[in-house]
Structure formats: C-alpha cells, structure tokens
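In: need a structure here:
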Amino acid sequence: MFKLFAGLALSLASVCAQAQVFYQLQNNALAAKINAEELYRFSLDNMQQLAGGKAPLSRTTLLAQMLSQRLLAAEARRLYPPEVLHPASRIAFARDVAIENRLASSLRALYGKELDQAVKTLPSGTLKTLIQEENTLSASQQQAIFGSPAQTTLEYALKPAQINLAKQGSLLRYQLPNGQKGNLSLYDIYHRQNVQGRIELYAANQPYLSQQLQIALANLFTLYWAEQKFGSAAVSDYRRSLNDQEDAEALMKIYGIGDQHDSSDFLDALAKKVSKAEVQAYYLAHKAQFKRIAKVKARHIRVADEALAKKLILRLKNGEDFASLAKQYSIADSAKEGGDLGWIVHQGTLSWLAQIAFSQTELSQAFRAPVGPDDAASWDIIKTEQRVEDYQSASSEAVRYAASAEIAHQKASQQLNALLQQQWQNAKIEVSPAVGKLTRQVLE
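Out: Here you go, the predicted model:
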C-alpha cells in the first residue's frame, strides 16, 4: 500500500529529529496529533494490517509515513485544485465513490467475521431487515432518464435534466438499527458506477440495478457498524487517512516520483531546462549506462521449411559446424561463404535480420522472415560470433534525452523532499508513548 510513498522514506530520517515531537499524548484512542489534528490508533491499526506482507512495517515507521502523508496531502490540496490532483475520468469511479468503496471494502476485509455476526443478530438475520420499501424502475422512467436501450450511445453520462429526474423518487428506503432513515435514488446508484456499471444501467439491466442497491445498503450498514463499534470520529479519521494517502500519492505523481517510468508535465518542464553542461556531467558520471553493442559479426542460414530449420538448430546445438550446414542447406546468397554476414555496424535503421543478430548472444531460434502474403515463406537461423561494445556519443540525442530525464527526476525528488522537510520542521507532533518513538533508527 505504501510502495509509491516509500521513495520519500529516507528523507524522514534526516528531518524527523528537527520536528517538534512530544511523547505526552495520553488519549488512548489516538496514535498522534500533528499540528493539533488527531490521527487515531484505529487508522494506524487498520493501515498496518492492510500493509501486511512478508516484511510488515513497524508501527513507528508506518506512523511516520502516515504523518508525512497528512502533511503532503495538505500541501497538495493547497497547491492544486481537486480536478488537477485527481483528473476526472469517463471510465473510472468518481473520486468520492472510490474512497467510500475502499473504506467499506477494507473494513469488511479486516472485520468480516464481526460484521457477519452483526448481520445475524438482525431480526431476520439478513440486511433485508433494514429495507422499508423497495421500488422498481418502470420502462417509462428508464427511457426518460437513459433513453431507449436499443439506441446507440456514444457517452454514458447523464445530462443535468436527466440527473434531476434520476434524483427524484426512491428505489429503496431503509432504516438502520439506530433508527437512522434514508433512501437510495437512481442517481445514488448511477453515481456509484464506473463506465461498465453505467452501461448496464443504460441497457436497463434490472438484476444489475437490484444488485447495486444491495451493495450500497451493505456499505451503509458496514459504515454504521464501524461507527457504532469504533466511534464516528475514528471512522472519519480512517477515511481521511485513505484520502491523505491518495492525495499525497497524487502530488508525487505530479512530480513524477514513484515508478521510474512515470512522466508528468512537471518533469517534462524540468527536463527542458537541463543544460548541455549538466548532460555532459551526468554522462561522465554514469557512462556505464550508455554502453552499447557497436557491431557484431554473424552468420545465418535461410531455409524454406520450418521443420528443416528446427532440425538444423538441433544439429548446431549438438556441435555441428555452422558454416558447413549453411553451405549445404542455406538458400541465401551468403550460402557460398558459409552464411557469413560479416561485421554489422549499429548505425541508422537496422534490417530485421541485423536487429536479431544484435539481440543474440550466440545461436538464435528459427525466425520466419517478414515477407508479404504472396511471397514465399522462409526461416532464418542466426549465429552471432563476435560482439564489440562501445559507448553512445555524449552529443547524441539518445544521451541527451536519457540524461535530461534522469536529472529532471532527481531535481523533482529534491524539490519534493525539500517541501516535506519544510513541513516536518514546522510541525508540532504529539505521539502516544504506547506507539513508540519516531527516531532516526526507526526510519532508516
């Protein structure tokens, strides 16, 4: 769960000692306070159980990460509007729905047995006890909101007038065990869907609609049960911790930090500003990264039959001479020379045969030549006999691109680490002594 955030873990070690950390928190429900904002032990416990794995994080390391995520999330929300942090998607779940789904599903994963027992204590032993009224969607209502199921739809998204219609009326009225009443409208169900779910609603799939009503009711009961058992403040903090995690990761994604292949406008802008001197310095310091195969010496055999090609490969693996077999069986022009292709230099656009020669360390498998549908098929066997390595030119575009990207990534990491360091240095943190000490040794 914290894989993406782990890239900043080492920065915590260098700044934690500079934060104002006090081990005087006596509220047993809390793990910590940061700038007077509470972080509940319920959230810490849940995150630790979900992290799991073969080498689970210690509570203090996890707490440090959660505190850092809270700081970064606050900065993310200050620096960027929600639509930038979490761009709207036509195919994915809405942001609020994704968080609620994650909250409910994690609670079920952690407390499934207790939840099942709570359901069994209901009068009927099922969630149907909570339903006071259930209504179906008529054909006329379906068509007024979604149109005819037979019509072609380019985008599965309701317009404002359709949304207003979907909000009217109730498909399911419920009452929770504490007496709290509510209802689920068609819009409530529509809003909970990703594109696959919306397609089902547009197609008037009544069983699917009924299923989604039951899932929504199950989520409501799950959250109700958790609030009754752990307190609404603890559940609210857990929801916030999930939000903080995703907002912090969104900020890191903007900076292009996480997966080494991530890209972002921020990284692209930094890369464009990298100077020739910086590229040259990076090249000299990391020259091994730019090693390449300059040329190879190879031979090949071309035959018109795949079965024959496979037999020849077996004979070659058993030690027979490549040149002799090439002279005997190859139909290529190089047969007389024992299939000798000479030295193939890595420059310009390589032929498909040359590309295979460069990719082999010795003997290849049988490759079908990329000929047209009306041309005779043939199979090639290639043996790379010698490889000569050198380095890409320091002035090449490939070097400039790779070096600029890595330098930009380093600068982005430094900037985000500086941002986090500043937040830690200005933070006042109170920690429950029962959790442990946030020391340099814990984080390194």
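In: tell me the contacts of the most far-flung residue of the chain relative to its centre?
Out: What lies farthest from the middle of the chain is Lys336; by CA atoms, centre = their mean that is 54.7 Å. By CB atoms under 8 Å, 6 or more residues apart in numbering, Lys336 lies in contact with Lys327. (Each C-beta comes from the backbone N, C-alpha and C, glycine too.)
In: ok, now Lys272?
Out: Residues near Lys272 by CB under 8 Å, 6+ apart: Ser404.
In: same question, Leu416
Out: 8, 251-252, 255, 257.
In: Give me the below-cutoff pLDDT ranges for the protein.
Out: 1-19, 53-55, 259-262, 439-444 (pLDDT under 70).
In: Which stretches in it count as strands?
Out: Along the chain, counting by DSSP state E, strands occupy 20-22, 30-34, 37-40, 131-134, 172-175, 181-184, 291-303, 340-345, 367-368, 379-391, 428-431.
In: coming back round to it: with neighbour count as extra columns, can I get the contacts of Leu416 in JSON lines?
Out: Output for these, formatted as JSON lines (neighbours: other CB atoms under 10 Å):
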{"residue": "Leu8", "neighbour count": "21"}
{"residue": "Leu251", "neighbour count": "22"}
{"residue": "Met252", "neighbour count": "23"}
{"residue": "Tyr255", "neighbour count": "21"}
{"residue": "Ile257", "neighbour count": "24"}
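In: can I get those in JSON lines with distance to Arg90?
Out: Formatted as JSON lines, the contacts of Leu416 follow (distance: CB to CB, whole Å):
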{"residue": "Leu8", "distance to Arg90": "32"}
{"residue": "Leu251", "distance to Arg90": "24"}
{"residue": "Met252", "distance to Arg90": "24"}
{"residue": "Tyr255", "distance to Arg90": "26"}
{"residue": "Ile257", "distance to Arg90": "27"}
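In: Name the nearest of those relative to Leu267.
Out: Minimum distance to Leu267 across these is 7.4 Å, recorded for Tyr255 (CB to CB).
In: Just the closest of the contacts of Leu416 to Ile344, please.
Out: Ile257 (40.1 Å).
In: doesn't Gln414 make contact with that closest one?
Out: No: here Ile257 does not reach Gln414: they are 10.4 Å apart, not a contact under CB atoms under 8 Å.
In: ok, now how distant is the residue farthest from the centre of the chain from Ala323?
Out: The gap separating Lys336 from Ala323 is 10 Å, by CB to CB, to the nearest Å.
In: Same check on Asn194?
Out: According to CB to CB, Asn194 stands 61 Å off from Ala323.
In: Check Asn426 too.
Out: Separation of Asn426 from Ala323 (CB to CB): 74 Å.
In: repeat for Asp265
Out: 55 Å.
In: Those two: who's more crowded?
Out: A direct count of neighbours by other CB atoms under 10 Å for Asp265 and Ala323 places Ala323 higher, at 16 against 9.
In: count of neighbours near the nearest residue to that one once chain neighbours are set aside?
Out: Spatial nearest neighbour of Ala323, excluding adjacent residues (CB to CB, 6 or more residues apart in numbering): Gly338 at 2.9 Å. Neighbours of Gly338 under the rule other CB under 10 Å: 17.
In: Surely Gly338 is in contact with Ala332?
Out: No: with contact defined as CB under 8 Å, Gly338 does not count as touching Ala332 (10.9 Å).
In: Tell me the spatial nearest neighbour of Ile163, not counting adjacent residues.
Out: Tyr187 (6.0 Å).
In: now swap in Asp247 and tell me
Out: Take Asp247 and drop its neighbours on the chain: the residue closest to it by CB to CB, 6+ apart is Ala73, 3.8 Å away.
In: what's the distance between that neighbour and Gln20?
Out: Distance from Ala73 to Gln20, by CB to CB: 20 Å.
In: So between the two, which is more surrounded?
Out: Neighbour totals were compared for Ala73 and Gln20, and Ala73 leads with 22 against 12 (other CB under 10 Å).
In: wait, what's in contact with the more buried one?
Out: Residues in contact with Ala73 (CB under 8 Å, 6+ apart) are 243-245, 247-248, 251.
In: And Lys295, by the same measure?
Out: Here Lys295 is in contact with 343-346, 387-388 (CB under 8 Å, 6+ apart).
In: Just the angle for the longest helix belonging to the chain relative to strand 291-303, thanks.
Out: Counting residues, the longest helix found in the chain (DSSP state H) is helix 397-425. Using axes from the mean of the first three to the mean of the last three CA atoms, to 10 degrees, the inter-axis angle of helix 397-425 relative to strand 291-303 is 130 degrees.
In: ok, back up a step: show only the entries of the contacts of Leu416 found in helices.
Out: Mapping the contacts of Leu416 onto helices (DSSP H) picks out 251-252.
In: how many other residues sit next to the nearest residue to Trp225 once chain neighbours are set aside?
Out: Leaving aside its sequence neighbours, Trp225 sits nearest to Ala118 (CB to CB, 6+ apart; 5.3 Å). For Ala118, the count of nearby residues is 17 (other CB under 10 Å).
In: Gln26 too?
Out: Neighbour tally, Gln26, other CB under 10 Å: 9.
In: what's the distance between it and Lys428?
Out: 16 Å.
In: again, but for Gln392
Out: Counting by CB to CB - Gln392 and Lys428 are separated by 51 Å.
In: neighbour-wise, which of the two wins?
Out: A count of neighbours by other CB under 10 Å puts Gln392 above the other of Gln392 and Lys428, at 18 against 12.
In: Which residue, other than its chain neighbours, is closest to that one?
Out: Phe290 (4.4 Å).
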